[in-house]
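Colleague: Okay, here's the prediction I keep looking at, along with the sequence it came from:
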Amino acid sequence: MLQAILFDVDGTLADTERDGHRVAFNLAFDDAGLDWHWDVLTYGELLTVTGGKERIRYFIETHSPDLPEVEDLAEWIAGLHKAKTGHYLALLKKGDIPLRPGVERLIQEARDNDVRLAITTTTTPENVDGLLRATLGDASLDWFEVIAAGDIVPAKKPAGDIYHYTLDQMGLTASQVIALEDSGNGVRSAIDADVPVVVTLNDYTAHDDFSGAISVLSDLGTTTQPARTLRGPAPSNGMVDLDYLRHCLAS
Ligand code: XBP
Ligand code: MG
């Protein structure tokens with residue numbers, strides 16, 4: 001019995017990475033007087049590491065960019081990342097980052113049928129608030145029973161901690177929910193917590209390893225733009241809806 005849908009955020013609710021997070025990182029680097037620039041390709045490589053602070057540290061370790069003398073690297077990264085969050089929120093406010101096809105439809109259908117909703121993401125909590133407010137309106141924050149985000153758990157995806165945390169908070173077991181994810185790291189995280197997962201991929205994640213996912217689709221699909229199914233069961237009407245998710249859960 002499907003009790004809840006757990007939504008990943010970046011890449012799943014919206015294509016936030018290339019024109020959102022990446023741009024915000026670069027603006028923060030400019031502010032800090034750094035000559036770093038994450039182009040579209042480089043950012044794709046850096047996306048193997050989840051979490052913005054962790055991604056900056058990974059970049060420093062793997063690309064050895066010019067770095068100012070700092071006493072406490074973790075603190076310096078946290079400051080740089082805070083500036084990035086400010087830029088990202090400003091980009092969201094401009095309204096240039098829409099939800100992916102079918103996301104609003106599925107959320108609405110779930111709400112109409114008392115299927116519970118939650119967010120499970122590695123991104124910073126303010127980013128989730130900003131995206132929901134900008135796309136679905138202020139009231140939508142209350143539609144999600146749990147917003148599990150960022151540093152709320154010690155280990156980010158691909159660890160399963162964020163899914164375990166969300167299930168605990170909701171009082172549900174893994175077999176009562178379905179996760180929607182867009183990346184290999186997201187799939188590994190859900191599977192680590194035994195949560196069944198359906199993937200809607202995007203340009204950055206198209207070649208990720210989605211082993212263990214029930215199905216992989218182009219997107220959630222709309223009446224005018226049906227989803228393409230790349231693996232697993234195909235939705236009969238071209239749309240990931242409650243019937244389809246119930247079928248996935250039973251399979
Ligand atoms: C994707 C991420 C995030 C964002 C950046 O999260 O890995 O780190 O790229 O967000 P998910 P922050 O797919 O789990 O939503 O800079 O706020 O960490
Ligand atoms: Mg994601």
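Modeller: Sure thing, it's come through. Numbering: from 1, shown residues only. Ligands and ions are numbered 1, 2, ... in the order given.
Colleague: Could you list the contact residues of the stretch 151-251 of the chain toward ligand 2?
Modeller: For the stretch 151-251 of the chain, the residues in contact with ligand 2 under the definition C-beta under 5 Å from the ion are Asp182, Ser183, Gly186. From N, CA and C alone the C-beta is placed, and that goes for glycine too.
Colleague: Restricted to helices, list those.
Modeller: By the criterion of DSSP state H, membership of these in helices covers Gly186.
Colleague: which of the residues of the stretch 151-251 of the chain next to ligand 2 count as buried?
Modeller: Buried members of those, scored by 16 or more other C-beta atoms under 10 Å, are Asp182, Ser183, Gly186.
Colleague: Which strand or helix spans Gly44?
Modeller: Secondary-structure assignment from DSSP states H and E places Gly44 in helix 40-46.
Colleague: what's the spacing between that helix and its chain's center?
Modeller: Between the centre of helix 40-46 and the centre of its host chain there is 17 Å, according to C-alpha atoms, centre = their mean, to the nearest Å.
Colleague: For ligand 1, tell me whether it is touching it.
Modeller: No - contact of helix 40-46 with ligand 1 is not found when judged by C-beta under 6 Å from any ligand atom; the minimum separation is 8.9 Å.
Colleague: Using CSV, write out every CA atom in that helix.
Modeller: Provided in CSV are the C-alpha atoms of helix 40-46 (Å, rounded to 0.1, in the frame of the first residue of the first chain):
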residue,chain,number,x,y,z
VAL,A,40,29.2,23.0,-17.5
LEU,A,41,31.5,20.0,-18.1
THR,A,42,33.6,20.5,-15.0
TYR,A,43,30.4,20.8,-12.9
GLY,A,44,29.2,17.5,-14.3
GLU,A,45,32.3,15.8,-13.0
LEU,A,46,32.0,17.6,-9.6
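Colleague: could you point out which element follows that helix?
Modeller: Assignment by DSSP H and E places the next element after helix 40-46 at helix 52-63.
Colleague: So for that next one, mean pLDDT?
Modeller: Per-residue pLDDT values across helix 52-63 average out to 97.
Colleague: I figured Cys26 hits Leu34, correct?
Modeller: No, residue 26 isn't Cys; it's Asn. No - using C-beta atoms under 8 Å as the test, Asn26 is too far from Leu34 to be in contact (9.5 Å).
Colleague: more neighbours, the two?
Modeller: Neighbours were counted for Asn26 and for Leu34 using other C-beta atoms under 10 Å; Asn26 has more, 18 against 15.
Colleague: Ala193: neighbouring residues, count only.
Modeller: The number of residues packed around Ala193, counting by other C-beta under 10 Å, is 21.
Colleague: if we can go back for a sec, export the residues of the stretch 151-251 of the chain next to ligand 2 to a markdown table and append columns for distance to Arg231 and pLDDT.
Modeller: Converted to a markdown table, those look like this (distance: C-beta to C-beta, whole Å; pLDDT from 0 to 100):
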| residue | distance to Arg231 | pLDDT |
| --- | --- | --- |
| Asp182 | 14 | 98 |
| Ser183 | 15 | 98 |
| Gly186 | 16 | 98 |
